[in-house]
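Novice: quick one: sequence plus predicted model below, questions after.
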Amino acid sequence: MVSEQAPLVAQGLRDLQGLRFTVVGAAGFVGARLCATLQARGAQVWAPARREPWPWQVPLGHVIYCAGLTADFLARPFDTVEAHVSHLAQVLQHGLERGSLESLVYLSSTRLYDSQVTGVANETAVLPLDPANPRHLYDFSKGLGESLCHVAGQGRARVARLACVYEGPQDTDGFLPALLRQVLAARSAGVAGVDVSSSPHFARDYVHLDDVVDALIRIAVSGRQPVYNVASGANVSNADLFEYLACRWGCEVQPLLQTVPSSAPQVDIERLCSELHWRPRALFDALDDVLESCQGARAC
């Protein structure tokens with residue numbers, strides 16, 4: 001049977017007239033772009049403030065839950081649990097009890113696959129977590145948020161596990177944006193190379209912010225599975241990234257470390273691509289566009 005939403009999904013849900021969205025965490029990196037994109041496509045968007053008084057009186061419609069912590073989760077453990085679990089529970093319960101919730105998409109992370117050191121990481125993987133590992137505070141909190149969606153979501157809540165989200169050198173956080181800023185500064189100063197405190201052996205899956213936003217909208221309106229991986233589907237090593245920057249951006253990158261980490265699993269995105277007709281951009285294609293917008297491309 002063909003879903004009634006199939007034509008909309010194939011077109012990328014460009015026209016969202018008449019649809020209502022609530023974006024929780026709208027001030028963040030993903031949430032801010034999501035709000036702007038939804039409004040540009042004609043949707044009605046409500047972005048509650050962080051301390052919005054309860055009970056919320058407006059119909060929630062499609063909720064996209066972007067609230068969360070990343071880099072500072074160990075320094076703020078209580079805030080981490082509040083954002084990833086407690087506030088989610090409040091929003092989910094409120095929306096279901098009032099009958100104003102059409103769907104909810106909870107932003108989780110492909111970091112939950114980090115303990116799976118080889119092979120392909122798909123949405124059905126069993127996640128090994130260790131309560132004694134401080135790093136797993138983040139994983140457990142995201143895992144509990146996911147579990148709440150599955151157990152209490154009444155079939156309306158879905159999970160989006162995001163890889164490393166980037167846009168360009170203007171991003172506040174992340175290894176890649178910091179590296180791009182360093183390279184651009186070197187180019188501007190006429191310096192041929194930069195040193196970075198990292199290893200060429202590290203590898204990450206990078207997914208562009210615009211592709212993430214598009215995926216979240218598709219999942220909210222037309223998703224049917226409980227979990228979707230939102231990633232590029234390819235790990236890019238620092239060695240390949242440094243070679244690309246030398247070739248296309250004209251800046252040699254010298255790593256100061258030679259740490260060899262455990263192999264990272266490849267994130268499987270077949271479910272999202274096949275069901276919702278989503279196609280992410282490759283990292284280097286997107287970075288070519290970034291370079292064009294900054295100073296013009298330089299060939300090898």
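Specialist: Cool, the structure landed.

Novice: how about residue 115, what does it touch?
Specialist: By Cβ atoms under 8 Å, 6 or more residues apart in numbering, the contact list for residue 115 reads 127-129. Quick note: C-beta positions are derived from backbone N, CA and C, even for glycine.

Novice: for residue 88, same thing?
Specialist: 65, 67, 106, 145, 148-149.

Novice: run the chain-centre distance for the helix or strand it falls within.
Specialist: Using DSSP states H and E, the element containing residue 88 is helix 87-98. On the basis of Cα atoms, centre = their mean, to the nearest Å, helix 87-98 sits 23 Å off its chain's mean C-alpha point.

Novice: quick one on the thing from earlier: identify, from the contacts of residue 88, the entry nearest to residue 258.
Specialist: residue 145 (36.6 Å; Cβ to Cβ).

Novice: let me know the angle separating the helix or strand the closest one falls within from helix 87-98.
Specialist: Using DSSP H and E, residue 145 sits in helix 136-152. If you take axes from the mean of the first three to the mean of the last three Cα atoms, to 10 degrees, helix 136-152 sits at 10 degrees to helix 87-98.

Novice: give me the beta-bridge partners of residue 120?
Specialist: residue 266 (DSSP bridges).

Novice: which pLDDT does the model give it?
Specialist: On the pLDDT scale, residue 120 is placed at 94.

Novice: ok, back up a step: packing partners of the helix or strand following the helix holding residue 145?
Specialist: Next helix or strand after helix 136-152 toward the C-terminus (DSSP H and E): strand 157-162. Secondary-structure packing of strand 157-162 (3 or more Cβ pairs under 8 Å, 6 or more residues apart in numbering; DSSP states H and E): strand 101-109, helix 136-152, helix 209-222, strand 227-230.

Novice: what packs against the third one?
Specialist: Looking back up the chat, that one is helix 209-222. helix 6-10, helix 29-40, strand 61-65, strand 101-109, strand 157-162, strand 164-166, strand 227-230, helix 270-276.

Novice: coming back round to it: counting neighbours, which bits of the helix holding residue 88 end up buried?
Specialist: 87-88, 91-92, 95-96 (16 or more other Cβ atoms under 10 Å).

Novice: circling back: taking the helices and strands packed on strand 157-162 together, which one is wrapped up most tightly?
Specialist: strand 227-230 (a mean of 26; mean count of other Cβ atoms under 10 Å).
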